[in-house]
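Engineer: Fold the following.
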Amino acid sequence: MKTPFGDVTVNVKRKDGSEVETDMWIVKMGSEEKIPVDGRFLIETLLVPETDEEYIFTCSFMPSLDITDEGVETGEWLELKSWYSGLFKWSIGTVDDEWLLAVRKVNANHAEYLEHSVSITISGFTGGKPFMLPFAVAWKETDGTSEQDVLTWLAADPSMMYVPDYMK
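Structural biologist: Numbering: from 1, shown residues only. Alright, predicted model coming up:
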């Protein structure tokens, strides 16, 4: 997937590093009036695990701009990292261990914030049962204020895009 900040990829690997075949959907999300960003996507990664083993889900990008700053910005039900190129801000988010346990009934064993990616290791799958992990990306040319800076953090929170079954 191409974005103004770079090409985005998602991959899933077993603990031994071997790639796992998955299905993926990219959903372009509109900019809401309350969260005005320049762009945002939801990436749904579907895995049908054969056994209960650990899988590592990684959303990464190849930057097309010079990165001037970066930072981890977690929140409730959220694992997220942001990067900056001047006033341009880019964020990648996924759900955290509490969300995964409450909503998907699996365990997030480890989240990692790498140079150009966000990665989460998950276990506790039921063999043969489909599992979907969401990632979200958002970007915005900000004006440098804290009010503008928080917008990609809000827009790249996939937990806000799903209503848990117990709340329906």
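Engineer: Give the buried residues for stretch 120-127.
Structural biologist: For stretch 120-127, a neighbour-count test (16 or more other Cβ atoms under 10 Å) marks 120-122, 124-125 as buried. Yep, even glycine has a C-beta here, placed from its N, CA and C like the rest.
Engineer: out of those, who's nearest D69?
Structural biologist: I120 (23.0 Å; Cβ to Cβ).
Engineer: and V72, bridged to which residues?
Structural biologist: Beta bridges link V72 to K81, judged by DSSP bridges.
Engineer: Assess the claim that it and Y113 are in contact.
Structural biologist: Yes - in this structure, V72 is within contact of Y113 by Cβ atoms under 8 Å, at 5.0 Å.
Engineer: Show me whatever sits in contact with both of those two.
Structural biologist: Shared contacts of V72 and Y113 (Cβ atoms under 8 Å, 6 or more residues apart in numbering): K81.
Engineer: and the longest helix seen in the chain, average pLDDT?
Structural biologist: Secondary structure of the chain per DSSP state H: the longest helix is helix 146-155. The predicted model gives helix 146-155 an average pLDDT of 92.
Engineer: and that helix, what does it pack onto?
Structural biologist: For helix 146-155, the elements it packs on are strand 79-85, strand 88-94, strand 131-141, judged by 3 or more Cβ pairs under 8 Å, 6 or more residues apart in numbering; DSSP states H and E.
Engineer: picking that back up, from the buried residues of stretch 120-127, pick the one nearest I92.
Structural biologist: I120 (11.1 Å).
Engineer: got the CA coordinates for the helix or strand harbouring that closest one in PDB?
Structural biologist: Following DSSP states H and E, one finds I120 within strand 117-123. C-alpha atoms of strand 117-123 as PDB (Å, rounded to 0.1, in the frame of the first residue of the first chain):
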ATOM      1  CA  SER A 117       7.400  -0.900  12.300                       C
ATOM      2  CA  VAL A 118       5.100  -2.000  15.000                       C
ATOM      3  CA  SER A 119       5.100  -5.700  15.900                       C
ATOM      4  CA  ILE A 120       3.000  -7.800  18.200                       C
ATOM      5  CA  THR A 121       3.500 -11.500  19.200                       C
ATOM      6  CA  ILE A 122       0.300 -13.400  19.900                       C
ATOM      7  CA  SER A 123      -0.600 -16.800  21.200                       C
END
